[in-house]
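Novice: Prediction below, plus the sequence it came from.
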Amino acid sequence: MFEINGQRLLESLRELAAFGKVGTGVNRTAFTPEDIRARHWLRAEMEKLGLDARIDRFGNVYGQARHAEKAVLIGSHTDTVPNGGWLDGALGVMYGLEIARTLHDLQLPVAVDVISFQDEEGTFVPCLGSKAFCGVLDEAEVERAVAADGRRLVDEMAKADLPDVTLRLDPNRHIGFVEAHIEQGPRLEKGDIRVGVVEGIVGIRRYRVSARGQADHAGTTPMSMRKDAGAALVHLASDLLKRFPTWAGQNTVWNIGKFEFEPGAANVVPAKATFIIEFRDGTAETVAKLEENVRATIEAHANAAPVDIAYDSIGSVEPVSMDARMQALFRQAAEWRGDKPMTLPSGAGHDAMILAPVVPTAMIFVPSIDGRSHDVSEDTKPDDIVFGCQVMADGVAQICGAQGAL
Ligand SMILES: [Zn+2]
C-alpha cells in the first residue's frame with residue numbers, strides 16, 4: 001500500500017494554472033505564448049523527476065520512464081478553451097506526473113509514462129495532438145486549419161519553433177492509456193460520489209435542417225397563401241423534441257442549439273429558416289436508431305409542408321467504449337478507498353476516444369462543483385482532486401504489477 005502526495009499534486013496543479021491565469025481560471029488556448037510556455041515548463045518538470053522528456057512539433061509533451069520497457073501512459077491535455085477552468089485536462093496531466101513520481105520509487109515491472117496532448121479543445125483541430133500521436137491525423141487538415149480569430153495552424157507551429165519531430169504511440173511499449181478529467185457535469189456531485197468510471201465516450205450526430213419558402217408581407221398575405229419557412233421548421237422542431245424521449249436510451253441527450261429566420265423581421269413571412277439539432281449516446285445501436293427516426297421525421301415533414309425542407313449531416317462522431325477490465329480495476333480501487341464509484345458515459349469528447357481504438361483505454365472522472373466547466377468558475381474540492389488521483393494510482397499500480405496494491 002502506498003500514498004500519493006496530495007499536497008505536492010495540488011501545488012503542481014496551481015503552478016501550472018499560473019500560465020495564462022485569468023481570475024480563478026485559465027486562458028491557455030493551443031499555441032498561444034502561455035500554452036507553449038506551459039508546455040516547456042511541463043517538459044522541465046518531467047525531466048526533474050527523471051523521465052526522458054520530449055516535445056514535438058505539435059507541442060505534445062511526453063515523458064518516458066527510463067527503467068522499464070513497458071509502460072502505462074497517463075495523460076490528457078493542458079490547452080484550454082478561451083477563459084477556461086484551471087483543471088479540465090490539466091488535472092489528468094498532473095495526475096500522470098504525480099503517479100509517475102510516486103510509482104517510480106517502487107520500480108515496478110511496468111513503468112508510467114506521462115503525456116500532455118495539444119489542442120484537445122479544437123482551437124485549430126479537435127484532439128490534434130492525440131490524433132498525431134496515434135497516427136490518424138490528416139496532414140491536409142493541418143494545412144487547412146484556421147482558428148476562429150484567423151490564425152493559421154501552420155503559422156503558429158512555425159512561430160512556436162518546436163523540434164521537427166512527431167511523437168508516436170509505441171504499441172510495443174504502451175500497454176494502456178489512462179486519462180483523468182473533471183466530470184464537466186453534475187452527476188457525481190449530486191450522487192455524493194467521488195469517482196466516476198467512464199464506460200464509453202458518446203457518439204454524436206449533428207444535422208443542419210433548413211426550409212425555403214417565400215418572403216411576403218405578414219399583414220397582407222392570407223394565411224392560406226403563405227409559404228412560411230419559419231412555421232414549417234418550428235413545427236418540425238417541436239415534433240422532434242416531442243418524439244425524442246420515446247426514441248432515447250437512458251443516457252441519450254439532444255439539443256437544438258441554433259435557430260434562425262431570414263429575413264428575420266416581425267412583419268415579414270420567413271423566406272428561409274434553419275436549425276441545428278444534435279444528439280449523443282454511448283451505444284452505436286441507439287445512435288443508429290435515433291438517426292433513422294430523426295431522418296424519417298424530417299422526411300415526413302418535408303413531404304407534407306408547403307415549403308422545401310432539406311437537411312444535411314454536419315457532424316458525426318462514433319461512440320467509443322473504454323476497456324472493460326480496466327474499468328473494473330478502477331471501480332475496485334475506488335471501492336477499496338471507500339467510495340461507491342459511478343459508472344457513466346462521457347457526454348463530451350476527450351483524447352481517450354482517439355487512443356481507445358489503438359490501445360486499451362480507461363477514463364476516470366472527479367466531481368465538478370455545480371457541474372461547471374469550460375468557464376473560469378470551474379472547480380473541484382481539493383479532497384476530491386487528491387482522492388481521484390489516489391484511486392487512479394492504486395489502479396495503475398495494479399496494472400504495473402504491484403503486489404497487493406489493492
Ligand atoms: Zn478537457
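Specialist: That came through fine. All of these numbers come straight from a predicted model, not from anything done at the bench.

Novice: near the ion, which residues of this protein?
Specialist: Neighbours of the ion within the chain, by Cβ under 5 Å from the ion: Asp88, Gly89. C-beta coordinates here come from the backbone N, C-alpha and C atoms, glycine included.

Novice: Point out where the chain drops to low pLDDT.
Specialist: Across the chain, the ranges flagged by pLDDT under 70 are 402-406.

Novice: Report the closest residue of it relative to the ion.
Specialist: The ion sits closest to Gly89 of the chain, with a gap of 3.8 Å, by Cβ to the ion.

Novice: Now do the SS call for Ala38.
Specialist: Of the three states, Ala38 takes helix under DSSP: H, G, I helix; E, B strand; the rest coil.

Novice: returning to what we had before: and the residue of the chain closest to the ion, what does it touch?
Specialist: Residues in contact with Gly89 (Cβ atoms under 8 Å, 6 or more residues apart in numbering) are Ser76, His77, Thr78, Asp79, Thr80, Ser116, Phe117, Glu120, His181, His350, Asp351.

Novice: In strands only, show me those.
Specialist: Assignment to strands by DSSP state E places the following of the contacts of Gly89 there: Ser76, His77, Ser116, Phe117, His181.

Novice: Quick check: Asp312 is in a strand.
Specialist: Yes - judged by three-state DSSP, Asp312 forms part of a strand.

Novice: How many residues are close by it?
Specialist: Neighbour count of Asp312, defined by other Cβ atoms under 10 Å: 9.

Novice: Correct me if wrong: it contacts Arg208.
Specialist: Yes - between Asp312 and Arg208 there is a contact under Cβ atoms under 8 Å: 5.6 Å.

Novice: And for stretch 180-196, what's in contact with it?
Specialist: Contacts of stretch 180-196 (Cβ under 8 Å, 6+ apart): 74, 76, 85, 87-89, 91-92, 95, 330, 334, 339-344, 346-348, 350, 363-371, 373-374, 378, 380, 384, 387-389, 391-392.

Novice: Just the buried positions in the helix or strand Ala140 falls within, please.
Specialist: If you go by DSSP states H and E, Ala140 is part of helix 139-144. For helix 139-144, a neighbour-count test (16 or more other Cβ atoms under 10 Å) marks Val142 as buried.

Novice: cool, and stretch 115-130?
Specialist: Those buried within stretch 115-130 under the rule 16+ other Cβ under 10 Å are 115-125, 127-130.

Novice: Return the residues in contact with the residue lying closest to Ala38 once chain neighbours are set aside.
Specialist: Counting by Cβ to Cβ, 6 or more residues apart in numbering, the nearest residue to Ala38 once its immediate chain neighbours are dropped is Phe19, at 3.7 Å. By Cβ under 8 Å, 6+ apart, the contact list for Phe19 reads Val26, Arg28, Glu34, Asp35, Arg37, Ala38, Trp41.

Novice: Identify the residue spatially nearest to the second one, adjacent ones excluded.
Specialist: Leaving aside its sequence neighbours, Arg28 sits nearest to Gly20 (Cβ to Cβ, 6+ apart; 3.7 Å).

Novice: ok, how many other residues are close to that neighbour?
Specialist: 23.

Novice: That one reaches Arg39, doesn't it?
Specialist: No - contact criterion Cβ under 8 Å: Gly20 and Arg39 do not qualify, at 11.6 Å.

Novice: In the stretch 301-406 of the chain, what residue spans correspond to helices?
Specialist: Secondary structure of the stretch 301-406 of the chain by DSSP state H, counting those that start in this stretch: the helices cover 324-336, 352-355, 382-399.

Novice: Most tightly packed of those?
Specialist: helix 352-355 (a mean of 26; mean count of other Cβ atoms under 10 Å).
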